[in-house]
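> below: sequence and its predicted model.
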Amino acid sequence: MENSMAEYRQSRRRDSFVPVDSHSRRGRFIYYVATIWVFFFQKAQCGRRLAGIVLVFLHLTFFTGYLCHVLRNTTRTKRLDGICPGYSLENCPAISEGLQCSACVRLPRGNMVHFSSDFECGNSKNFRKIGKDRYRCEVVGDKKIYCYYFCFDVHNEGPATEVSIEVWHDPLVNDVSGFISHFPSTIWVAPQEWNRYRPLDQTCVEVHKEHLVIHLSLEANKTLRVTDNWPSPYSDTCAFLKKLAGERQDRCCLFTIGKSVQGREIIGLRAGTPGAPRMLCIAGQHPIEFPGVWAMRAIADYISSAIGEVQILREKMLIEVIPLVNPDGTVLGRNAFTSENFDMYVAFGSKPNAQEPEAAESKLLWRWITEKDTALWMNVHCYLGWRNNSEPPFDGWYEVPRGLFSDSKRKHTYEALCDTMRLETDSPSTTMEPDIHTENTLEYQIAKRYGIPSVFYEINGGTAGAFQSGKRGLRVFRNAVKTFLDLI
């Protein structure tokens with residue numbers, strides 16, 4: 001603390017020609033009075049008239065200085081109401097020595113902890129220090145509800161230390177309840193040299209009415225990445241698919257449905273028999289709902305594996321998997337939107353009867369679905385938050401109205417898939433009844449126009465990282481495929 005005060009004093013000397021002691025009330029008063037009267041006696045010899053003018057001027061100067069002093073102290077008191085940067089208000093050495101606190105000037109110099117979200121899948125803004133070892137940031141949201149994701153790096157360029165970070169909602173979206181409804185949930189952390197995350201101990205996270213407080217222990221000269229949703233970056237996901245295709249050329253191949261608005265390939269993995277019933281599997285319409293992406297990665301691994309039952313599956317079906325259908329949004333760390341601010345889940349927006357969806361990426365999906373006969377559609381999303389009104393793992397599912405199917409056989413298939421979701425997966429662990437897709441979604445329109453049955457599952461990212469997400473998604477996939485094959 002002594003070093004910090006010495007540094008603070010030195011900074012004040014650099015920024016002002018007034019001696020440091022003159023910033024105390026007594027010092028300031030003595031300094032003003034001495035300056036005034038020395039000046040007065042020097043000028044008084046010039047005559048009464050001049051002395052009178054000088055006297056009036058000096059009184060005005062003194063009164064103005066005193067008034068400014070009072071106003072400055074009043075403003076300072078308001079600014080210091082709560083936390084004083086660097087120290088608690090009660091123990092601030094600047095206040096105790098009668099100095100103007102750095103809260104009125106600047107943050108203490110020599111700060112060794114820095115933040116960044118300028119990387120693939122990064123999200124957070126307005127990082128700032130608000131107290132001793134205490135910082136604040138805000139998430140970057142897209143719209144109401146979809147304003148909860150954060151992923152940032154904490155760089156410690158000094159010795160080992162402990163910090164607290166307040167994470168607030170996005171004031172531009174201004175949906176406090178939508179933000180905080182996703183918590184409490186698992187917070188994931190990963191040192192820079194690690195290739196996987198670990199869950200932060202629950203005692204290190206506080207959930208308040210409008211924000212979170214995350215307490216971290218930082219190692220010396222290390223970087224720690226902090227997030228509420230274990231990312232599967234676009235670059236890593238593409239590398240994973242390419243690795244599978246390269247190592248298993250006899251069992252699978254890569255394919256693409258086109259490029260995103262920003263020029264990124266939307267790639268997938270294909271396995272099975274051409275001409276057999278075609279099943280399409282996707283995730284990532286909401287770009288940072290990574291449990292769905294991890295689920296699709298596991299499914300891609302599974303359908304291209306050497307497992308005996310999978311070899312039989314490849315003979316009976318053609319399966320195509322795209323883990324990330326919104327690569328631009330994922331790279332940008334967006335909660336719900338594409339780079340052009342479209343929500344791909346509600347693909348048809350305000351025009352459910354339009355010929356094609358709104359977003360360029362959704363148009364590519366629509367053509368992929370409709371260019372050939374599609375027998376089954378699977379879509380995996382995610383949400384966050386432990387629920388106190390249900391039981392783990394807090395997953396969920398959606399359905400379309402069954403009356404949309406005009407073909408009785410496909411309607412029966414869809415009813416069997418709905419029973420499978422309810423009875424053989426963790427879908428009802430949050431609510432006993434499914435949510436219903438609205439008419440502007442892909443699921444609704446492919447059922448209405450083409451009679452394509454779908455499986456739509458939501459993994460709770462608060463109870464699933466990369467491994468558990470993959471495991472749950474694969475279980476849903478296997479149960480859905482078994483039900484489908486049993487009926488054909």
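Yep, that arrived.
> wait, doesn't Phe394 sit right on Ala464?
No. Contact status for Phe394 versus Ala464: not in contact, 9.4 Å apart, counting by CB atoms under 8 Å. For every residue, glycine as well, the C-beta is placed using N, CA and C.
> which residues touch the residue nearest to Thr330 when sequence neighbours are not counted?
On the basis of CB to CB, 6 or more residues apart in numbering, the spatially nearest residue to Thr330 that is not a chain neighbour turns out to be Pro287, at 4.1 Å. The neighbours of Pro287, taking CB atoms under 8 Å, 6 or more residues apart in numbering as the test, are 324, 326-330, 332-338.
> taking the residues you listed one by one, which sit in strands?
Secondary structure assignment by DSSP state E places none of those in strands.
> okay, these in CSV with pLDDT, distance to Ile130 and neighbour count next?
Compiled in CSV, those are given as follows (pLDDT from 0 to 100; distance: CB to CB, whole Å; neighbours: other CB atoms under 10 Å):
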residue, pLDDT, distance to Ile130, neighbour count
Leu324, 98, 36, 30
Asn326, 98, 34, 33
Pro327, 98, 36, 28
Asp328, 98, 33, 24
Gly329, 98, 31, 33
Thr330, 98, 31, 29
Leu332, 98, 27, 20
Gly333, 98, 23, 25
Arg334, 98, 27, 23
Asn335, 98, 25, 25
Ala336, 97, 29, 25
Phe337, 98, 30, 21
Thr338, 98, 34, 27
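> just the closest of the residues you listed to Arg472, please.
Closest approach between the contacts of Pro287 and Arg472, by CB to CB: Leu324, at 18.2 Å.
> what about the closest one, distance to Asn341?
Going from Leu324 to Asn341 by CB to CB, to the nearest Å gives 18 Å.
> and for Gln249?
Between Gln249 and Asn341 the computed distance is 39 Å (CB to CB).
> circling back: of the contacts of Pro287, closest to His437?
Taking CB to CB as the measure, His437 sits nearest to Ala336 out of these, at 16.1 Å.
> show me the contacts for the closest residue to that closest one other than its chain neighbours.
Ranked by CB to CB, 6+ apart and with sequence neighbours excluded, the top spatial neighbour of Ala336 is Tyr146, at 3.7 Å. Contacts here follow CB under 8 Å, 6+ apart; on that basis Tyr146 touches Gly178, His286, Asn335, Ala336, Phe337, Asp343.
> OK, contacts around Glu399?
Glu399 makes contacts with Cys418, Met421, Pro434, Asp435, Ile436, His437, Phe456, as judged by CB under 8 Å, 6+ apart.
> let me have those residues in CSV, extended by distance to Ser408 and secondary structure.
Putting those into CSV (distance: CB to CB, whole Å; DSSP: H, G, I helix; E, B strand; the rest coil) gives the following:
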residue, distance to Ser408, secondary structure
Cys418, 15, helix
Met421, 21, helix
Pro434, 22, coil
Asp435, 25, strand
Ile436, 21, strand
His437, 21, coil
Phe456, 22, strand
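> walk me through the domains of this protein.
By the assignment in automatic domain parsing, the chain contains the domains 2-104, 113-227, 234-486.
> tell me, which of those domains is the model least confident about?
Lowest mean pLDDT within those: domain 2-104, at a mean of 45.
> rewinding a little: closest to Gly122 among the contacts of Glu399?
For Gly122, the closest of the contacts of Glu399 turns out to be Phe456, at 28.4 Å, with distances computed as CB to CB.
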